[in-house]
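Student: 3D model of this:
(chains A and B)
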Protein chains: 2
Amino acid sequence: MKKDIVIVGAGLAGSLCALYMLKRGYKVRMYERRSDMRETVVKAGRSINLALSERGWTALRKVDIGSYVEEISIAMPKRVMHDVEGNLTDQFYGNQDQAIFSVPRGELNVMLMNLAEERGAEIFFNHKCIDVNMVNPELIFENTVDNQNINIKCDLIVGADGAFSAIRNKMMKQDRFQYSQHYIEHGYKELLIPANKDGSHKIEKNALHIWPRGNFMLIALPNLNGSYTCTLFSPFDGKNSFNELQDKSSITNFFKSVFKDFTPLIPDLEEQFINNPTSSLGIFKCFPWNVKDFCVLIGDSAHATVPFYGQGMNASFEDCRVLDEMIGANENNMLKCLDDFSRIRKPNGDGVQDLSLHNFIVMRDKTADPTFLLQKKIEQKFTQLYPEKWIPLYSMVSFTNISYADAWQIGMKQEKLMAQIMETPNIAEVWDSDSVMEKILKLC
Amino acid sequence: MKKDIVIVGAGLAGSLCALYMLKRGYKVRMYERRSDMRETVVKAGRSINLALSERGWTALRKVDIGSYVEEISIAMPKRVMHDVEGNLTDQFYGNQDQAIFSVPRGELNVMLMNLAEERGAEIFFNHKCIDVNMVNPELIFENTVDNQNINIKCDLIVGADGAFSAIRNKMMKQDRFQYSQHYIEHGYKELLIPANKDGSHKIEKNALHIWPRGNFMLIALPNLNGSYTCTLFSPFDGKNSFNELQDKSSITNFFKSVFKDFTPLIPDLEEQFINNPTSSLGIFKCFPWNVKDFCVLIGDSAHATVPFYGQGMNASFEDCRVLDEMIGANENNMLKCLDDFSRIRKPNGDGVQDLSLHNFIVMRDKTADPTFLLQKKIEQKFTQLYPEKWIPLYSMVSFTNISYADAWQIGMKQEKLMAQIMETPNIAEVWDSDSVMEKILKLC
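Tutor: Numbering: from 1, shown residues only, chains lettered A, B, ... in the order given. Sure thing, here's the model as predicted:
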């Protein structure tokens, strides 16, 4: 009998999961709270982009859609670091042929939804999940257009409904369900650098631009239309906080003093700053991710993270691939599939969250720190000499499918080891000597 | 104008809070989800008792009801530790004139509700809170008898609705609201030692009895009617777990092997074990505890903890006293009252939770450890010599009103210091020597 899957949420995770379930030959219905984004014009100034990296590609290719996504992506093989004086430094992420990719969130989502529909999924928009039965797979949705409630039965519920998941909210009332929502002190605000009149990019296209400033930072990712979506990350309160930037003149002064070369790129900077919302950033954890053999969480509903490693979408896509593998291994024992998925995948949800929080420090602080940059150079050299002995943390996360949990553990060991190496006398002079390389080899 | 207070929950915290607000001359209405417990017969075998200690008494006396509660309490100046062989050891909690008190939860709650009504509060039972307005102080309750919803407006909402608080659940959706629910690996099951036929107690009355067994333990608190309410704390899974105790013979074998002197005290042990539920234990944290100037959480809704320090009720009672003090200091600025309460009280919520988790290890493991008992003897001697220099942690928590946060911090410093003292050669022989006392004095 054909399995009947209901996916709650037609975002990135839900839509890719649909493609996996369709490939298995299952019946797929998706219920989305919002209206069909394909019918609404994407507002200018809200063109959000995301970084797609190796594990995201792996998950896309397994359902044969990598080539479609390539067409809307921009390779970013490096960071370009902008210092306070406006000087630029290139920081390559890996080898010269490795890159992360800027993709437009809206367009990617539309593409995945279209592909899911083409391959047989039904998508119901304006359907808000208002209740889930925790004994049998049955849901109640409110049709927000006609305010009618409908009951839906199925074999398997996939909760892909994001950080504020209705499915997880219902699971929270199960006895012994572990849950936490932790908001960090920082928030973010998006800003848009417009394209030049001829549609070209105002700054280097194939790079992630970063203005690291200690306890706050600004980043910019390129869009295909020549614009850049920028994000300022700052504390809500205290020094250099959003709270201090309430009027035009304080905004102007702030940007001119700390983002000298950035300020001229946005003519209506103050207007954008005042009109765009300041949003919060949180880490959401829970366990287990399943209810018996009929309900499972994937993506942000299971492990929403802060965006500093650019791994939120990649982790969600990997969830889809791994869930599909678990089902492949035990198709007739869904309880084992979902229990395994929850148990095996949870440490990786924690892993991507630990990595994300850690990378915030790296990005806002370390990318402007000569000692850190020297350490990265030493690691890079050692990797080239002994590729089987050492993959730098950033590469493990972004250019391999090594599990997040393993990457985090190995990465923290590497940090400790490199702290010893950096204590070598005159390390800045002798960093690429044989003796330093041998010392690392010995400590490995 | 008379302030109009709505308290959600007529449990221990809600009822005492009502008495405080009434003493201020406020109008008080209480809404309780359950039916009036005064009308239902308290079921035999479910007579739960709680340990009342100094800060609980302080909060009760401030609204002039200490003497009433004294009448239903039993002093427990000591633990009686039962080892595997059935040997007993007395462990006094403090000085011989200090004690914690066993009080019956149901009777105490009834007493507080009666007093609140006598002093002018209205209590509405069978009213389930189903929505709270987070912009203005307005609530919707469902009358669970006639299924009608009613809207209630007031000046101040006090959420005293326990670990699964409806008020907190609504606050959780506020941006940047911090929340976690963490269940520990252990659960608990209650058992009742009946009184002797003449109504007398089967084991020593004025004591908390404890059977510490490493990763699990059993405790018994005396009731006025000659019975004891006992609680077995064990892991849900693994060795010595509830999961292993599913049938009569495994229960019998378990109790006979590890609780030799306890087993004969309960004739229908196996029946009780099978019929009584196994319940979970969790730590619930959140922040902030208030919404603007019109809603505040107290008691378990703000900081539910595991029961191992017997401080849950005491912390809730202290909340009532402290909230009242904050209001007294700024009666015309309720925003400041509630902001202060949340900010100042939160570290103490965390404190009582840290203390509770820590005391689980002490109770189930350390109370049977000769080294730990020796350490306590040394501390006791030093306290008698230098009372202004040292109050043992247990005494700070149970016999003073020192804040939980301070008690926890001081206690952890004491632990470190005593670890050094315990390394003294031949400490078991020289523990009460002048040199050991001087060494502590120097390290203090």
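Student: All the strands of the stretch 151-300 of chain A, residue numbers only.
Tutor: Applying DSSP state E, counting those that start in this stretch to the stretch 151-300 of chain A gives strands spanning A:156-159, A:178-193, A:208-212, A:217-222, A:228-235, A:279-287, A:290-291, A:295-297.
Student: relative orientation of the second one and strand A:279-287 in degrees?
Tutor: Which is strand A:178-193. Counting by axes from the mean of the first three to the mean of the last three C-alpha atoms, to 10 degrees, strand A:178-193 lies at 150 degrees to strand A:279-287.
Student: excluding its backbone neighbours, what's nearest the residue in the stretch 151-300 of chain A that chain B sits nearest to?
Tutor: Per C-beta to the nearest C-beta, residue A:180 is where the stretch 151-300 of chain A lies closest to chain B, at 3.6 Å. C-betas here are computed from N, CA, C, even on glycine. With C-beta to C-beta, 6 or more residues apart in numbering or on different chains as the criterion, residue A:180 has its nearest non-adjacent residue at 3.6 Å, and that residue is residue B:180.
Student: Pretty sure that neighbour sits against residue A:183.
Tutor: No - the pair residue B:180 / residue A:183 is not scored as a contact, 11.8 Å apart, by C-beta atoms under 8 Å.
Student: So for the two, which residue has more residues nearby?
Tutor: Neighbours were counted for residue B:180 and for residue A:183 using other C-beta atoms under 10 Å in any protein chain shown; residue A:183 has more, 19 against 16.
Student: just to revisit the earlier point, what residues does the residue of the stretch 151-300 of chain A closest to chain B make contact with?
Tutor: Residues near residue A:180 by C-beta atoms under 8 Å, 6 or more residues apart in numbering or on different chains: A:283-286, B:179-182.
Student: Who is it paired with across the strands?
Tutor: residue A:285, residue B:180 (DSSP bridges).
Student: what sits up against stretch A:230-237?
Tutor: Identification of contacts with stretch A:230-237 by C-beta under 8 Å, 6+ apart yields A:185-193, A:215-221, A:240-243, A:245, A:262, A:266, A:278, A:280-281, A:307-308, A:360, A:364, B:176.
Student: Report the buried members of these.
Tutor: A:186-193, A:215-221, A:241-242, A:245, A:262, A:266, A:278, A:281, A:307-308, A:360, A:364, B:176 (16 or more other C-beta atoms under 10 Å in any protein chain shown).
Student: what about chain A, any weak spots by pLDDT?
Tutor: A:1, A:41-47 (pLDDT under 70).
Student: Contact residues of it facing chain B?
Tutor: A:164, A:172-173, A:175-183, A:236, A:280, A:282 (C-beta under 8 Å from any C-beta of the partner chain).
Student: go again using 6 Å as the cut-off
Tutor: For chain A, the residues found near chain B under the criterion C-beta under 6 Å from any C-beta of the partner chain are A:175-176, A:179-183, A:280.
Student: Which residue ranges make up the domains of chain A?
Tutor: Annotated domains of chain A cover A:4-78+A:104-181+A:282-359, A:185-280, A:369-443 [automatic domain parsing].
Student: Quick one: residues in contact with stretch A:52-62.
Tutor: A:66, A:69, A:100-101, A:103, A:314, A:317-318, A:320-321, A:398-399, A:401 (C-beta atoms under 6 Å, 6 or more residues apart in numbering or on different chains).
Student: meant to ask about stretch A:377-385
Tutor: Contact with stretch A:377-385 is made by A:390, A:392, A:431-432, A:437, A:440, as judged by C-beta under 6 Å, 6+ apart.
Student: Which of the contacts of stretch A:52-62 sits closest to residue A:229?
Tutor: residue A:103 (11.2 Å; C-beta to C-beta).
Student: Paired strands for the helix or strand containing the closest one, with orientation please.
Tutor: Under the criterion of DSSP states H and E, residue A:103 resides in strand A:100-104. Under the criterion DSSP bridges, strand A:100-104 sits next to strand A:49-52 (antiparallel), strand A:74-76 (antiparallel) in its sheet.
Student: Could you identify which of those is most buried?
Tutor: Of all the strands paired with strand A:100-104, strand A:49-52 carries the top mean neighbour count, a mean of 25, counting by mean count of other C-beta atoms under 10 Å in any protein chain shown.
Student: How about exporting that strand as PDB, limited to the C-alpha atoms?
Tutor: The C-alpha trace of strand A:49-52 is given here as PDB (Å, rounded to 0.1, in the frame of the first residue of the first chain):
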ATOM      1  CA  ASN A  49      19.800  34.900   0.500                       C
ATOM      2  CA  LEU A  50      21.300  31.900   2.100                       C
ATOM      3  CA  ALA A  51      24.600  30.100   1.900                       C
ATOM      4  CA  LEU A  52      24.400  26.600   0.400                       C
END
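Student: Taking their axis directions, the helix or strand following it and strand A:100-104 sit at what angle?
Tutor: Scanning forward in sequence from strand A:49-52 by DSSP H and E, the next helix or strand is helix A:54-61. Angle, helix A:54-61 to strand A:100-104, by the same axes, to 10 degrees: 60 degrees.
Student: Of all the residues in helix A:54-61, which ones are buried?
Tutor: Residues A:54-60 are the ones in helix A:54-61 that count as buried (16+ other C-beta under 10 Å).
Student: for stretch A:332-341, same thing?
Tutor: A:334, A:337-341.
Student: if we look at that stretch, which residues are touching it?
Tutor: Applying C-beta under 6 Å, 6+ apart, the contact partners of stretch A:332-341 are A:290, A:293, A:296, A:323, A:326-327, A:330.
Student: Same question for stretch A:185-194.
Tutor: For stretch A:185-194, using C-beta under 6 Å, 6+ apart, the contacting residues are A:45, A:202, A:227-228, A:230-233, A:235-236, A:242, A:265-266, A:272, A:276, A:278-281.
Student: Put the buried members of the residues you listed into a PyMOL selection.
Tutor: The PyMOL command for the buried members of the contacts of stretch A:185-194 (criterion: 16+ other C-beta under 10 Å) is given here:
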select buried, chain A and resi 202+227+228+230+231+232+233+235+236+242+265+266+272+276+278+281
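Student: And the residue nearest the centre of chain A?
Tutor: residue A:312 (2.4 Å; C-alpha atoms, centre = their mean).
Student: Could you pull up the residues touching that residue?
Tutor: Contacts for residue A:312 (C-beta under 6 Å, 6+ apart) come out as residue A:305.
Student: Wait, residue A:280 touches residue B:175, no?
Tutor: Yes - the criterion here is C-beta atoms under 6 Å, and residue A:280 meets it with residue B:175 at 5.4 Å.
Student: hang on, the earlier thing: closest to residue A:373 out of the buried residues of helix A:54-61?
Tutor: Nearest to residue A:373 among the buried residues of helix A:54-61, counting by C-beta to C-beta, is residue A:54 at 23.4 Å.
Student: From residue B:180, how far out is that closest one?
Tutor: Noted for residue A:54: a distance of 33 Å to residue B:180, by C-beta to C-beta, to the nearest Å.
Student: and residue A:128, what helix or strand is that in?
Tutor: Counting by DSSP H and E, residue A:128 is part of strand A:127-132.
Student: Put the alpha carbons of that strand into PDB.
Tutor: Only the C-alpha atoms of strand A:127-132 are listed here, as PDB (Å, rounded to 0.1, in the frame of the first residue of the first chain):
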ATOM      1  CA  HIS A 127      -3.800  26.100   6.200                       C
ATOM      2  CA  LYS A 128      -2.800  26.700   9.700                       C
ATOM      3  CA  CYS A 129      -2.200  23.600  11.900                       C
ATOM      4  CA  ILE A 130      -4.200  24.100  15.000                       C
ATOM      5  CA  ASP A 131      -4.100  20.600  16.500                       C
ATOM      6  CA  VAL A 132      -2.300  17.300  16.200                       C
END
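Student: Could you list the paired strands of that strand along with their orientation?
Tutor: Short version: by DSSP bridges, strand A:127-132 pairs with strand A:138-143 (antiparallel).
Student: The strand it pairs with: how far from the chain's middle?
Tutor: The chain centre lies 29 Å from the centre of strand A:138-143; the measure is C-alpha atoms, centre = their mean, to the nearest Å.
Student: Mind naming the longest helix for chain A?
Tutor: When chain A is scanned for its longest helix (criterion: DSSP state H), the result is helix A:334-364.
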